[in-house]
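In: following is a predicted model, sequence given first.
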Amino acid sequence: MSNPRINKRQRELDKKARADRKRERRIERVADAPETRDPSAPVDEQRTLAALAKLHEAYEAHTISFEDFETAKQELTSQLDI
């Protein structure tokens, strides 16, 4: 019989690898996409703030790394008019 701890560890490693691949695809897609946001267009600040709150929750729950958190936070805060 196989050890349940080993299976769990392998599942966690696989999950992390999938998340890393997804993040890399997302970064490539964003880098390849032309800038579609018009800087003069109004931004729905409530949605941006809600997304920022969800981002903080994800970071506190340790579902995203600090680097991903900082990158996403910078993207969201750049949309706000401060």
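Out: Cool, got the structure. From a predicted model like this one, the values you see are computed outputs, not experimental measurements.
In: just the helices in the protein please.
Out: Here the chain has its helices, by DSSP state H, at 4-32, 45-60, 66-79.
In: dump the ones you listed to CSV, plus mean pLDDT and mean neighbour count.
Out: No exception for glycine: its C-beta is placed from N, CA and C like everyone else's. Shown next, in CSV, are those (pLDDT from 0 to 100; neighbours: other Cβ atoms under 10 Å):
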stretch, mean pLDDT, mean neighbour count
helix 4-32, 85, 10
helix 45-60, 89, 13
helix 66-79, 89, 13
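In: show me how the protein divides into domains.
Out: 1-33, 39-82 (automatic domain parsing).
In: who touches the residue nearest to residue 72 when sequence neighbours are not counted in this structure?
Out: Spatially, and ignoring its direct neighbours in sequence, residue 72 is nearest to residue 55 (5.4 Å; Cβ to Cβ, 6 or more residues apart in numbering). Residue 55 is in contact with 64, 69, 72, 73, 76, counting by Cβ atoms under 8 Å, 6 or more residues apart in numbering.
In: distance of residue 55 from residue 48?
Out: 10 Å (Cβ to Cβ, to the nearest Å).
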